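> this one's structure only:
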(Lines give C-alpha, C1' and ligand atoms only; values in the text may rest on other atoms or scores of the structure.)
Protein backbone atom coordinates (compact mmCIF):
# COMPACT_ATOMS: atom_id res chain seq x y z
CA UNK A 1 0.00 0.00 0.00
CA UNK A 2 2.79 2.43 0.88
CA UNK A 3 4.45 1.81 -2.49
CA UNK A 4 1.27 2.30 -4.55
CA UNK A 5 0.88 6.01 -3.70
CA UNK A 6 4.23 7.20 -5.07
CA UNK A 7 3.72 4.99 -8.13
CA UNK A 8 0.26 6.39 -8.89
CA UNK A 9 1.02 10.07 -8.34
CA UNK A 10 3.53 10.46 -11.23
CA UNK A 11 1.13 8.57 -13.52
CA UNK A 12 -1.77 10.86 -12.59
CA UNK A 13 0.41 13.91 -13.14
CA UNK A 14 1.46 12.67 -16.58
CA UNK A 15 -2.18 12.03 -17.52
CA UNK A 16 -3.05 15.60 -16.48
CA UNK A 17 -0.25 16.95 -18.67
CA UNK A 18 -1.39 14.77 -21.57
CA UNK A 19 -4.95 16.10 -21.31
CA UNK A 20 -3.58 19.62 -21.05
CA UNK A 21 -1.50 19.13 -24.19
CA UNK A 22 -4.47 17.66 -26.05
CA UNK A 23 -6.64 20.58 -24.95
CA UNK A 24 -4.15 23.15 -26.22
CA UNK A 25 -3.64 21.21 -29.46
CA UNK A 26 -7.38 20.87 -30.04
CA UNK A 27 -8.12 24.55 -29.43
CA UNK A 28 -5.08 25.60 -31.47
CA UNK A 29 -6.16 23.44 -34.39
CA UNK A 30 -9.67 24.79 -34.15
CA UNK A 31 -8.43 28.40 -34.25
CA UNK A 32 -6.37 27.68 -37.37
CA UNK A 33 -9.46 26.23 -39.06
CA UNK A 34 -11.57 29.12 -37.77
CA UNK A 35 -9.14 31.57 -39.39
CA UNK A 36 -9.93 30.03 -42.80
CA UNK A 37 -13.69 29.99 -42.22
CA UNK A 38 -13.63 33.54 -40.92
CA UNK A 39 -11.65 34.82 -43.89
CA UNK A 40 -13.64 33.02 -46.60
CA UNK A 41 -17.18 32.97 -45.20
CA UNK A 42 -17.80 35.17 -42.16
CA UNK A 43 -16.14 38.37 -43.42
CA UNK A 44 -17.95 38.31 -46.83
CA UNK A 45 -21.27 37.54 -45.10
CA UNK A 46 -20.84 40.37 -42.64
CA UNK A 47 -19.98 43.00 -45.24
CA UNK A 48 -22.28 41.78 -48.04
CA UNK A 49 -25.40 41.91 -45.89
CA UNK A 50 -25.38 45.00 -43.62
CA UNK A 51 -28.93 44.23 -42.46
CA UNK A 52 -27.84 40.93 -40.93
CA UNK A 53 -24.29 41.91 -40.00
CA UNK A 54 -24.91 42.09 -36.26
CA UNK A 55 -26.60 38.69 -36.31
CA UNK A 56 -23.70 37.10 -38.20
CA UNK A 57 -21.12 38.66 -35.86
CA UNK A 58 -23.03 37.56 -32.75
CA UNK A 59 -23.43 33.95 -33.89
CA UNK A 60 -19.79 33.66 -34.96
CA UNK A 61 -18.29 35.16 -31.81
CA UNK A 62 -20.50 33.09 -29.52
CA UNK A 63 -19.64 30.00 -31.57
CA UNK A 64 -15.90 30.59 -31.11
CA UNK A 65 -16.34 31.14 -27.38
CA UNK A 66 -18.50 28.03 -27.02
CA UNK A 67 -15.95 25.91 -28.87
CA UNK A 68 -13.06 27.07 -26.66
CA UNK A 69 -14.99 26.46 -23.45
CA UNK A 70 -16.19 23.14 -24.85
CA UNK A 71 -12.60 22.10 -25.55
CA UNK A 72 -11.52 22.82 -21.98
CA UNK A 73 -14.57 20.95 -20.69
CA UNK A 74 -14.68 17.89 -22.94
CA UNK A 75 -10.99 17.34 -23.70
CA UNK A 76 -9.39 18.78 -20.57
CA UNK A 77 -12.01 17.78 -18.02
CA UNK A 78 -12.68 21.30 -16.71
CA UNK A 79 -16.00 22.20 -15.07
CA UNK A 80 -18.17 25.24 -15.75
CA UNK A 81 -21.17 26.36 -13.75
CA UNK A 82 -24.19 28.08 -15.32
CA UNK A 83 -23.27 31.45 -16.79
CA UNK A 84 -25.30 34.55 -15.85
CA UNK A 85 -26.41 37.00 -18.53
CA UNK A 86 -25.56 40.55 -19.53
CA UNK A 87 -27.96 42.36 -21.86
CA UNK A 88 -26.97 43.24 -25.40
CA UNK A 89 -27.85 46.93 -25.33
CA UNK A 90 -26.36 50.34 -26.12
CA UNK A 91 -24.45 52.10 -23.37
CA UNK A 92 -23.50 48.93 -21.46
CA UNK A 93 -20.02 48.84 -19.92
CA UNK A 94 -18.77 45.55 -18.47
CA UNK A 95 -15.91 45.49 -15.95
CA UNK A 96 -14.40 42.04 -15.43
CA UNK A 97 -11.57 40.65 -13.34
CA UNK A 98 -8.72 39.14 -15.34
CA UNK A 99 -7.68 35.70 -14.14
CA UNK A 100 -7.05 33.58 -17.23
CA UNK A 101 -7.19 33.10 -20.98
CA UNK A 102 -10.79 31.97 -20.55
CA UNK A 103 -12.01 35.39 -19.43
CA UNK A 104 -12.82 36.48 -22.99
CA UNK A 105 -14.87 33.42 -24.06
CA UNK A 106 -16.64 33.52 -20.68
CA UNK A 107 -17.76 37.15 -20.99
CA UNK A 108 -18.72 36.57 -24.64
CA UNK A 109 -21.04 33.76 -23.56
CA UNK A 110 -22.56 35.97 -20.88
CA UNK A 111 -23.77 38.62 -23.34
CA UNK A 112 -27.30 37.66 -24.28
CA UNK A 113 -28.43 37.92 -27.87
CA UNK A 114 -25.44 39.78 -29.32
CA UNK A 115 -21.73 40.43 -29.29
CA UNK A 116 -19.38 42.89 -27.59
CA UNK A 117 -16.23 44.92 -28.02
CA UNK A 118 -13.26 44.35 -25.75
CA UNK A 119 -10.61 46.95 -25.01
CA UNK A 120 -7.56 45.04 -26.25
CA UNK A 121 -3.80 45.51 -26.33
CA UNK A 122 -2.57 46.39 -29.79
CA UNK A 123 0.00 43.59 -29.92
CA UNK A 124 -2.79 40.99 -30.26
CA UNK A 125 -4.02 42.59 -33.49
CA UNK A 126 -1.37 40.80 -35.56
CA UNK A 127 -0.08 37.26 -35.77
CA UNK A 128 -2.67 35.39 -33.67
CA UNK A 129 -4.73 32.84 -35.70
CA UNK A 130 -8.42 33.84 -35.92
CA UNK A 131 -8.07 36.29 -33.03
CA UNK A 132 -6.18 39.04 -34.89
CA UNK A 133 -8.67 39.10 -37.76
CA UNK A 134 -11.53 38.89 -35.28
CA UNK A 135 -10.23 42.01 -33.51
CA UNK A 136 -10.38 43.91 -36.79
CA UNK A 137 -13.74 42.45 -37.81
CA UNK A 138 -15.41 43.47 -34.53
CA UNK A 139 -13.57 46.80 -34.33
CA UNK A 140 -12.16 46.19 -30.85
CA UNK A 141 -10.66 49.35 -29.31
CA UNK A 142 -6.88 48.86 -29.44
CA UNK A 143 -4.64 50.43 -26.82
CA UNK A 144 -0.87 50.49 -26.76
CA UNK A 145 0.71 51.27 -23.36
CA UNK A 146 3.95 52.22 -25.15
CA UNK A 147 2.26 54.53 -27.64
CA UNK A 148 1.51 57.42 -25.35
CA UNK A 149 -1.59 58.51 -23.45
CA UNK A 150 -2.89 60.82 -26.17
CA UNK A 151 -3.41 57.98 -28.66
CA UNK A 152 -5.09 55.78 -26.05
CA UNK A 153 -7.48 58.55 -25.05
CA UNK A 154 -8.41 59.08 -28.71
CA UNK A 155 -9.21 55.38 -29.23
CA UNK A 156 -11.29 55.12 -26.04
CA UNK A 157 -13.11 58.38 -26.78
CA UNK A 158 -14.18 57.01 -30.16
CA UNK A 159 -15.37 53.78 -28.52
CA UNK A 160 -17.42 55.75 -25.99
CA UNK A 161 -19.07 57.77 -28.77
CA UNK A 162 -20.27 54.61 -30.54
CA UNK A 163 -21.63 52.40 -27.75
CA UNK A 164 -24.05 50.36 -29.90
CA UNK A 165 -22.79 47.16 -28.32
CA UNK A 166 -21.44 46.43 -24.82
CA UNK A 167 -17.85 47.47 -24.14
CA UNK A 168 -15.69 45.22 -21.94
CA UNK A 169 -12.74 46.46 -19.89
CA UNK A 170 -10.39 44.52 -17.61
CA UNK A 171 -9.61 47.31 -15.12
CA UNK A 172 -6.73 45.42 -13.49
CA UNK A 173 -4.79 45.97 -16.72
CA UNK A 174 -3.11 42.54 -16.63
CA UNK A 175 -3.85 38.97 -15.59
CA UNK A 176 -3.60 38.09 -11.93
CA UNK A 177 -0.94 35.45 -11.28
CA UNK A 178 -2.55 34.10 -8.09
CA UNK A 179 -6.24 34.68 -8.78
CA UNK A 180 -6.55 37.57 -6.34
CA UNK A 181 -8.02 40.84 -7.57
CA UNK A 182 -5.32 43.37 -8.48
CA UNK A 183 -5.82 47.09 -7.79
CA UNK A 184 -7.80 48.79 -10.54
CA UNK A 185 -5.94 51.00 -12.99
CA UNK A 186 -8.01 54.09 -13.64
CA UNK A 187 -6.82 54.91 -17.18
CA UNK A 188 -9.22 53.16 -19.58
CA UNK A 189 -12.27 53.19 -17.32
CA UNK A 190 -11.76 56.82 -16.34
CA UNK A 191 -11.52 57.86 -19.99
CA UNK A 192 -14.71 56.00 -20.91
CA UNK A 193 -16.58 57.52 -17.97
CA UNK A 194 -15.70 61.04 -19.07
CA UNK A 195 -17.40 60.74 -22.45
CA UNK A 196 -20.86 59.33 -21.67
CA UNK A 197 -23.17 57.82 -19.08
CA UNK A 198 -23.03 54.01 -18.79
CA UNK A 199 -24.97 51.14 -17.34
CA UNK A 200 -22.15 49.20 -15.66
CA UNK A 201 -22.18 45.46 -15.00
CA UNK A 202 -19.53 43.70 -12.93
CA UNK A 203 -18.55 40.25 -14.19
CA UNK A 204 -16.50 38.32 -11.64
CA UNK A 205 -15.05 34.90 -12.50
CA UNK A 206 -13.12 32.43 -10.39
CA UNK A 207 -11.75 28.92 -10.72
CA UNK A 208 -10.00 29.40 -14.06
CA UNK A 209 -6.43 29.93 -12.84
CA UNK A 210 -5.19 26.63 -14.43
CA UNK A 211 -5.75 28.44 -17.75
CA UNK A 212 -3.90 31.56 -16.66
CA UNK A 213 -1.27 31.18 -19.36
CA UNK A 214 -0.61 28.78 -22.21
CA UNK A 215 2.14 26.98 -20.29
CA UNK A 216 -0.25 26.60 -17.34
CA UNK A 217 -2.75 24.87 -19.63
CA UNK A 218 -0.07 22.43 -20.77
CA UNK A 219 0.16 21.20 -17.18
CA UNK A 220 -3.51 20.21 -17.25
CA UNK A 221 -6.86 21.99 -17.07
CA UNK A 222 -8.99 19.45 -15.23
CA UNK A 223 -8.73 21.56 -12.07
CA UNK A 224 -10.74 24.33 -13.78
CA UNK A 225 -13.96 24.85 -11.80
CA UNK A 226 -15.39 28.03 -13.28
CA UNK A 227 -17.96 30.08 -11.39
CA UNK A 228 -19.18 33.47 -12.59
CA UNK A 229 -21.19 36.22 -10.93
CA UNK A 230 -22.74 39.24 -12.65
CA UNK A 231 -24.01 42.20 -10.64
CA UNK A 232 -25.53 45.45 -11.76
CA UNK A 233 -26.46 47.59 -13.53
CA UNK A 234 -24.84 50.51 -11.76
CA UNK A 235 -25.20 54.06 -13.05
CA UNK A 236 -21.98 56.00 -13.52
CA UNK A 237 -21.58 59.39 -11.79
CA UNK A 238 -22.07 62.61 -13.73
CA UNK A 239 -19.49 64.60 -11.78
CA UNK A 240 -15.87 63.77 -12.75
CA UNK A 241 -14.84 64.54 -9.18
CA UNK A 242 -16.75 61.43 -8.11
CA UNK A 243 -15.04 59.02 -10.53
CA UNK A 244 -12.26 58.02 -8.14
CA UNK A 245 -14.55 57.23 -5.20
CA UNK A 246 -17.02 55.47 -7.52
CA UNK A 247 -14.28 53.24 -8.94
CA UNK A 248 -13.09 52.43 -5.43
CA UNK A 249 -16.62 51.35 -4.52
CA UNK A 250 -16.85 49.22 -7.67
CA UNK A 251 -13.49 47.60 -6.93
CA UNK A 252 -14.66 46.82 -3.42
CA UNK A 253 -17.86 45.28 -4.78
CA UNK A 254 -15.94 43.06 -7.19
CA UNK A 255 -13.59 42.01 -4.39
CA UNK A 256 -16.62 41.09 -2.30
CA UNK A 257 -18.16 39.15 -5.21
CA UNK A 258 -14.92 37.21 -5.64
CA UNK A 259 -14.90 36.31 -1.95
CA UNK A 260 -18.51 35.13 -2.15
CA UNK A 261 -17.72 32.96 -5.18
CA UNK A 262 -15.11 31.19 -3.06
CA UNK A 263 -17.41 30.60 -0.09
CA UNK A 264 -18.31 26.94 0.55
CA UNK A 265 -22.03 27.60 0.05
CA UNK A 266 -21.49 29.19 -3.38
CA UNK A 267 -19.12 26.47 -4.53
CA UNK A 268 -21.59 23.74 -3.58
CA UNK A 269 -24.80 25.43 -4.77
CA UNK A 270 -23.44 27.33 -7.81
CA UNK A 271 -26.31 29.80 -7.83
CA UNK A 272 -25.33 32.63 -10.22
CA UNK A 273 -26.43 36.23 -9.72
CA UNK A 274 -27.99 37.72 -12.81
CA UNK A 275 -28.31 41.47 -13.36
CA UNK A 276 -27.89 41.98 -9.63
CA UNK A 277 -31.38 40.57 -8.98
CA UNK A 278 -31.71 38.65 -5.73
CA UNK A 279 -32.96 35.06 -5.65
CA UNK A 280 -36.72 34.82 -5.47
CA UNK A 281 -38.38 34.21 -2.10
CA UNK A 282 -39.48 30.74 -3.10
CA UNK A 283 -35.97 29.74 -4.15
CA UNK A 284 -34.54 31.30 -1.00
CA UNK A 285 -36.95 29.35 1.19
CA UNK A 286 -36.10 26.15 -0.61
CA UNK A 287 -32.37 26.79 -0.23
CA UNK A 288 -32.85 27.54 3.48
CA UNK A 289 -34.78 24.34 3.99
CA UNK A 290 -32.07 22.30 2.33
CA UNK A 291 -29.40 24.04 4.42
CA UNK A 292 -31.19 23.38 7.71
CA UNK A 293 -32.04 19.75 6.92
CA UNK A 294 -30.16 17.44 9.33
CA UNK A 295 -27.82 14.88 7.90
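It's in. If you're wondering where the values come from, they're calculated on a predicted model, not measured in any experiment.
> Show me the strands in this structure, by range?
79-80, 86-87, 92-96, 111-112, 117-118, 120-121, 142-143, 167-169, 199-206, 225-235 (DSSP state E).
> Which of these sits closest to residue 179?
Judged by C-beta to C-beta, the one of the strands of the chain that comes nearest to residue 179 is strand 199-206, at 6.9 Å. Where you see a C-beta, it was placed from the backbone N, CA and C, and this is true even at glycine.
> avg pLDDT for the closest one?
Mean pLDDT, computed over strand 199-206, is 95.
> Run the chain-centre distance for that strand.
9 Å (C-alpha atoms, centre = their mean, to the nearest Å).
> what does stretch 168-181 give?
Its chain's C-alpha centre and that of stretch 168-181 lie 11 Å apart, by C-alpha atoms, centre = their mean.
> Stretch 141-159 now?
Using C-alpha atoms, centre = their mean, the offset of stretch 141-159 from its chain centre is 21 Å.
> Determine how far the last residue of that stretch lies from the first.
Using C-alpha to C-alpha, to the nearest Å, the end-to-end distance of stretch 141-159 comes to 7 Å.
> what is the mean pLDDT for that stretch?
Stretch 141-159 comes out at a mean pLDDT of 78.
> And stretch 89-100, by the same measure?
Across stretch 89-100, pLDDT averages out at 92.
> Check stretch 64-76 too.
Mean per-residue pLDDT for stretch 64-76: 93.
> List the buried residues in the longest helix seen in the chain.
Secondary structure of the chain per DSSP state H: the longest helix is helix 4-37. For helix 4-37, a neighbour-count test (16 or more other C-beta atoms under 10 Å) marks 16, 19, 20, 21, 23, 24, 26, 27, 30, 31, 34, 35 as buried.
> coming back round to it: can you list the strands of the chain in a markdown table and add mean neighbour count?
A markdown table is the format used below for the strands of the chain (neighbours: other C-beta atoms under 10 Å):
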| stretch | mean neighbour count |
| --- | --- |
| strand 79-80 | 17 |
| strand 86-87 | 20 |
| strand 92-96 | 24 |
| strand 111-112 | 20 |
| strand 117-118 | 19 |
| strand 120-121 | 16 |
| strand 142-143 | 20 |
| strand 167-169 | 25 |
| strand 199-206 | 24 |
| strand 225-235 | 21 |
